[in-house]
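Novice: My questions are about this predicted structure, shown below with the sequence.
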Amino acid sequence: MGSDLAVSPPGTSTSDTTLSQIITDRVANGEVSIEYCPTGDMVGDFHTKSLQGSQFCRFRDIILGIEKSDIAAYNTRARQYLKTRKEKQHEELLGVCWNLN
């Protein structure tokens, strides 16, 4: 099977052809299987493309391991954390200002 790829197709490098031969041989030997994955199901796109709307929310939930019912609780905790952090930074800034005198 790998002998079909002995000559590099135009626009590819020898290393691409070698990799293709290795993959073809491993598939033929049953060591590896290749499955089709539609673009809409490729979770890796979350890290490489700017996704919007439902696609973003779907991948976010998969990656974070959360359910839609959990999102309100996460948002509440995030808002509280940011509020606490802002208050703490404000207190630290006031402390620095008072210590300058």
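Specialist: Okay, I see it. Numbering: from 1, shown residues only.
Novice: any idea how far the spatially most central residue of the chain lies from Tyr36?
Specialist: In the chain, the C-alpha nearest the mean C-alpha coordinate belongs to His47, at 3.4 Å (CA atoms, centre = their mean). Noted for His47: a distance of 21 Å to Tyr36, by CB to CB, to the nearest Å. For every residue, glycine as well, the C-beta is placed using N, CA and C.
Novice: Okay, and the residue nearest to the centre of the chain sits in which element?
Specialist: Assigning secondary structure by DSSP states H and E places His47 in helix 45-48.
Novice: what's the answer for Phe56, then?
Specialist: Counting by DSSP H and E, the element that carries Phe56 is helix 53-64.
Novice: Run the chain-centre distance for the helix or strand following that helix.
Specialist: Secondary structure here is assigned by DSSP H and E; on that basis, the next helix or strand after helix 53-64 toward the C-terminus is helix 71-99. Helix 71-99 sits 29 Å away from the centroid of its parent chain (CA atoms, centre = their mean, to the nearest Å).
Novice: Now do the buried residues in helix 71-99.
Specialist: Neighbour-count burial for helix 71-99, with 16 or more other CB atoms under 10 Å as criterion, is recorded at no position.
Novice: Other residues contacting the helix holding Phe56?
Specialist: By CB atoms under 8 Å, 6 or more residues apart in numbering, the surrounding residues in contact with helix 53-64 are 40, 43, 45-46, 51, 67-68, 71.
Novice: Just the buried ones out of those, please.
Specialist: Buried positions within those, assessed by neighbour count (16+ other CB under 10 Å), are Phe46.
Novice: can I get the contacts of helix 53-64 in CSV with pLDDT?
Specialist: Shown next, in CSV, are the contacts of helix 53-64 (pLDDT from 0 to 100):
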residue, pLDDT
Gly40, 84
Val43, 86
Asp45, 84
Phe46, 83
Leu51, 84
Glu67, 88
Lys68, 85
Ile71, 86
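Novice: Need the contacts of helix 53-64 in a markdown table (columns: distance to Arg85).
Specialist: Shown next, in a markdown table, are the contacts of helix 53-64 (distance: CB to CB, whole Å):
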| residue | distance to Arg85 |
| --- | --- |
| Gly40 | 36 |
| Val43 | 30 |
| Asp45 | 31 |
| Phe46 | 26 |
| Leu51 | 27 |
| Glu67 | 26 |
| Lys68 | 26 |
| Ile71 | 21 |
